[in-house]
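Asker: sequence and predicted structure below; questions after.
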Amino acid sequence: MNQEADTPIAYPRVTSGVEGLDVMVNGGLPKGRIVLIRGAPGMGKTILCGQFLYKGAKNGEKGLFVSLEETREQLIRELYLVGMDFRRLERDGLVTFLDASPVRHIPAEVKLGNISVGKRDFSLLALAKKIKNIAEANRIERIVVDPLTALTIQYPEDGERRLMVLDLLEVLAQIGATCLMTEDFGTPQSSRIEDYSVHGVITMRPVEAGTNIVKTMAVVKMRETKNDDQTRLYRITDEGIVVYPDENVLALSYPHTSAKSNDT
Ligand SMILES: Nc1ncnc2c1ncn2[C@@H]1O[C@H](COP(=O)(O)OP(=O)(O)OP(=O)(O)O)[C@@H](O)[C@H]1O
Ligand SMILES: [Mg+2]
């Protein structure tokens, strides 16, 4: 029997939680794959991740928020301010927070009795195991890792950093959930193995337009799909991120909209 004939060629998609971004990637993010969001500070990476989990949860898809920087309380407060009640989702068992921020404070070597264990073996593998256990026990379909930078910054040596990232990506891929990971622009391009290993890369950048600073989003890569080849404008509103998929960024001003926003 020809097994290949039974394999669906087009992969299924899931909503990113942001309508305009779904348009940019031709219908949604690839289900079960890992997408990297690279953005400047304060561009709304965490809010985008929140929307991804929130929209999924509203469709009955369970999510896991692995936070490497902010506490659960901080995240719940910030996301509530842009229209998302995660406390309720957590209570309903639709979202789980894993506060992994202490991982950042583990020293380069950890002593276990007389044995010295490298940071990579200790912190990352423990974290990966925890993510896997929670995901399997709760049938998690969406995972956020925010920000990956908090982990990678601990590995100044390129080779070690690459191994660490590959280990983490491997675990996430095994779980089979759709994943969003965030990162800033700080890492030199030469050592960014993640760009090659993930399914998609989306960037979020500020652009100066006269006295205004506008926010722009671009799909740098999304395997197996036709992407928007234009950089698009977006804004953060009281209801979260809104992308304008029909506005060319060269307009450098937002279309007239009734959406309330405090970033103008
Ligand atoms: N209601 C709102 N309207 C407009 N902008 C908002 C609103 N709430 C938050 N913001 C903006 O959202 C940004 C913070 O979003 P978020 O925390 O998701 O960014 P980030 O990219 O994750 O930042 P960091 O690099 O610090 O992790 C801030 O720049 C803030 O001004
Ligand atoms: Mg953030």
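Answerer: Alright, I've got the coordinates. Ligands and ions are numbered 1, 2, ... in the order given.

Asker: low-scoring stretches of the stretch 151-264 of the chain, by residue?
Answerer: 190-191, 251-252, 257-264 (pLDDT under 70).

Asker: swap in 90 and give it another go.
Answerer: For the stretch 151-264 of the chain, residues meeting the criterion pLDDT under 90 lie at 151-165, 167, 185-197, 209-212, 224-229, 246-264.

Asker: and the helices in it, which stretches?
Answerer: Taking DSSP state H, counting those that start in this stretch, the helices of the stretch 151-264 of the chain run over residues 158-175, 194-197.

Asker: show me what the first one is packed up against.
Answerer: Using 3 or more Cβ pairs under 8 Å, 6 or more residues apart in numbering; DSSP states H and E as the contact test, the elements touching helix 158-175 are strand 34-39, helix 125-138, strand 142-146, helix 149-152, helix 194-197. For glycine as for every other residue, the C-beta is placed from the backbone atoms N, C-alpha and C.

Asker: pick the most buried one from the helices of the stretch 151-264 of the chain.
Answerer: Per-stretch averages of neighbours, counted by mean count of other Cβ atoms under 10 Å, single out helix 158-175 among the helices of the stretch 151-264 of the chain, with a mean of 17.

Asker: restrict it to CA atoms and write it as CSV.
Answerer: Taking Å, rounded to 0.1, in the frame of the first residue of the first chain, the C-alpha atoms of helix 158-175 are listed here in CSV:
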residue,chain,number,x,y,z
ASP,A,158,27.9,29.6,20.7
GLY,A,159,28.2,25.8,20.6
GLU,A,160,26.6,25.3,24.0
ARG,A,161,23.8,27.7,23.2
ARG,A,162,23.0,25.9,20.0
LEU,A,163,22.8,22.5,21.7
MET,A,164,20.6,23.9,24.4
VAL,A,165,18.2,25.4,21.8
LEU,A,166,18.1,22.2,19.8
ASP,A,167,17.4,20.2,22.9
LEU,A,168,14.5,22.4,23.8
LEU,A,169,13.1,22.4,20.3
GLU,A,170,13.3,18.7,20.1
VAL,A,171,11.3,18.3,23.3
LEU,A,172,8.7,20.8,22.1
ALA,A,173,8.4,19.0,18.7
GLN,A,174,7.9,15.7,20.4
ILE,A,175,5.0,17.1,22.4
